[in-house]
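Asker: Here is my input; please provide its structure:
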Amino acid sequence: MKLLPNGPPVPFPVQFRVAGPDPHSLRLRADEVKALMRTNANTRGVNDNWNESIKVIRLAVDQEKARALGVTSQSIAQASRVLLSGTTVGQFREGDQLIDIVLRQPQTERQAITDLGNAYVPTASGKSVPLLQVAKPQFSWEPGVMWRENRDYAITVQSDIVEGLQGATVTAQLLPELKKLEKQWAADGHADYRIHVAGAVEESSKGSASIAAGLPLMLFVTFTLLMLQLQSFSRALLVFLTGPMGIAGVALALLTLGRPFGFVALLGVIALMGMIQRNSVILIDQIEQDRANGVPAWDAIVESAVRRLRPIVLTAAAAVLAMIPLSRSVFWGPMAVAIMGGLIVATVLTLLALPAMYAAWFRVKR
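Answerer: Purely as a prediction, here's the structure:
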């Protein structure tokens, strides 16, 4: 039996992939990993993706007797297929559909292993001999599903977790013990068997890596646009440095509401940096306009912060309020919470810290 999971981003938040060359030995190693995971009090419903073994019947062909009678392996396969699975002998057209006509023994004649005795195979002389005269049926078990990863067999051992924890937290708890188990396998002569972290941690790292690949280009384009807007390297760098101001608010909001800092939360932080820099551009542009109109530098800084207080606060409040419905989403909730917390703190810091940073940068005296 298996629990039907739902919810992004992966069915089970804690997953470890055990890879190796031999399926039988791999199953034993995966059982050791499952036993170790069950010892952790934070895991629930530990299982794997190979499911239980299934029953199979194999035909052990006596090749010497088959050659003596003129029976080929192909004719044996054909006889057993007609008996059990059936073979297509034609097609029937119904309207615009073609339906296969399958020749197969009646169900009452193929329900037991002994029914294989009813099958006959042709010989080279044109006669037929019973199938059991040249082949012996053997009952055995084999894996129901076999997964591969990078050309090796791989079993993913997975589990759910208790409420109130994240998959990355439980994965970090289990990883040191699993690495010890992996070293023990290497000491016992099973160095070909490895344990890799999978699940939510792996998917999150893939998303983060895709973002990191385009991050340098994004920062370059952003700084270039700020240079074109402000027409000053110093002012553009000052605005650029205000981007990370919301990190404290992001951490506080995520910790308070118990949301994970995963891929979607990282997207929220990137979007948040753009919102903070937009407010900084508005404030610095107002300071430059006042100074161009002849207002002393100190007065321009103070008065611009006072005059731009209302529009900056209102735009930030509109963004925060718009994120409230999205914050309840299972998938997009961390992103909304990150933007809300970061924008509230960054707005306060923009109105208080940015004027001070501007005065210190350009050495403005009272």
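
Asker: Let's verify Trp140: helix, strand, or coil?
Answerer: One thing to correct before we go on: residue 140 is Ser, not Trp. Following DSSP: H, G, I helix; E, B strand; the rest coil, Ser140 is assigned to strand.

Asker: Tell me how many other residues crowd it.
Answerer: For Ser140, the neighbour count with other C-beta atoms under 10 Å is 9. Any C-beta I mention is one placed from the backbone N, CA and C, and that applies to glycine too.

Asker: now the one 10 residues further on
Answerer: The number of residues packed around Asn150, counting by other C-beta under 10 Å, is 7.

Asker: ok, it to Arg308 distance?
Answerer: Using C-beta to C-beta, to the nearest Å, we find Asn150 at a distance of 56 Å from Arg308.

Asker: Same question for Val221.
Answerer: 26 Å.

Asker: Over to Ala112?
Answerer: According to C-beta to C-beta, Ala112 and Arg308 sit 86 Å apart.

Asker: higher neighbour count, the two?
Answerer: It is Arg308, of Ala112 and Arg308, that has more neighbours when counted by other C-beta under 10 Å, with 20 against 9.

Asker: thought the more buried one was touching Ile282?
Answerer: Yes: assessed by C-beta atoms under 8 Å, Arg308 is found in contact with Ile282 at 6.0 Å.

Asker: So for Leu343, what's the nearest residue that isn't a sequence neighbour?
Answerer: Take Leu343 and drop its neighbours on the chain: the residue closest to it by C-beta to C-beta, 6 or more residues apart in numbering is Ala316, 5.2 Å away.

Asker: before we move on, which element is that neighbour in?
Answerer: helix 309-323 (DSSP states H and E).

Asker: so after that helix, what's the next helix or strand?
Answerer: helix 333-361.

Asker: which of the residues in that following helix are buried?
Answerer: By neighbour count on 16 or more other C-beta atoms under 10 Å, the buried set for helix 333-361 is 333-347, 349-351, 354-355, 357-359.

Asker: what's the answer for stretch 151-160, then?
Answerer: Using 16+ other C-beta under 10 Å as the test for burial, stretch 151-160 gives 152-160.

Asker: of those, closest to Asn40?
Answerer: If you rank the buried residues of stretch 151-160 by distance to Asn40 using C-beta to C-beta, Ser159 comes first, at 8.6 Å.

Asker: gap between the residue nearest the centre of the chain and Ala236?
Answerer: When the chain is reduced to its mean C-alpha position, the closest residue under C-alpha atoms, centre = their mean turns out to be Glu203, at 3.0 Å. Distance from Glu203 to Ala236, counting by C-beta to C-beta: 36 Å.

Asker: would you turn the buried residues of stretch 151-160 into a markdown table with distance to Leu321?
Answerer: Converted to a markdown table, the buried residues of stretch 151-160 look like this (distance: C-beta to C-beta, whole Å):
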| residue | distance to Leu321 |
| --- | --- |
| Asp152 | 51 |
| Tyr153 | 52 |
| Ala154 | 47 |
| Ile155 | 48 |
| Thr156 | 42 |
| Val157 | 44 |
| Gln158 | 39 |
| Ser159 | 39 |
| Asp160 | 35 |
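
Asker: got these as TSV, with secondary structure and distance to Gly243 columns?
Answerer: Listed next are these as TSV, based on DSSP: H, G, I helix; E, B strand; the rest coil; distance: C-beta to C-beta, whole Å:
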residue	secondary structure	distance to Gly243
Asp152	strand	43
Tyr153	strand	47
Ala154	strand	41
Ile155	strand	44
Thr156	strand	39
Val157	strand	41
Gln158	strand	38
Ser159	strand	39
Asp160	strand	38
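
Asker: Excluding chain neighbours, give the residue nearest to Ile312 in space.
Answerer: Ile312 sits nearest to Asn279 (C-beta to C-beta, 6+ apart), 4.9 Å away.

Asker: mind checking pLDDT for the one you found?
Answerer: Per-residue pLDDT puts Asn279 at 84.

Asker: Repeat that for the one 4 residues further on.
Answerer: What the model reports as pLDDT for Leu283 is 86.

Asker: Pretty sure Val320 sits against Val345.
Answerer: No: the pair Val320 and Val345 fails to qualify as a contact (C-beta under 8 Å) at a distance of 11.0 Å.

Asker: doesn't Leu252 make contact with Ala338?
Answerer: No: assessed by C-beta under 8 Å, Ala338 is found out of contact with Leu252, at 10.4 Å.

Asker: hang on, the earlier thing: got the buried residues for the helix or strand containing the residue nearest to Ile312?
Answerer: In the assignment (DSSP H and E), Asn279 maps to helix 263-292. Buried residues in helix 263-292, counted by 16+ other C-beta under 10 Å: 263-269, 272-273, 275-277, 279-288, 290-291.

Asker: Below-threshold pLDDT in the stretch 101-250 of the chain: ranges please.
Answerer: Residue ranges of the stretch 101-250 of the chain with pLDDT under 70: none are present.

Asker: make it 80
Answerer: Residues of the stretch 101-250 of the chain meeting the criterion pLDDT under 80: 113-114, 116-118, 164-166, 199-212, 215.

Asker: Show me where it has its strands.
Answerer: Assigned by DSSP state E, counting those that start in this stretch, the strands in the stretch 101-250 of the chain fall at 120-122, 128-130, 135-143, 148-149, 152-161, 194-199.
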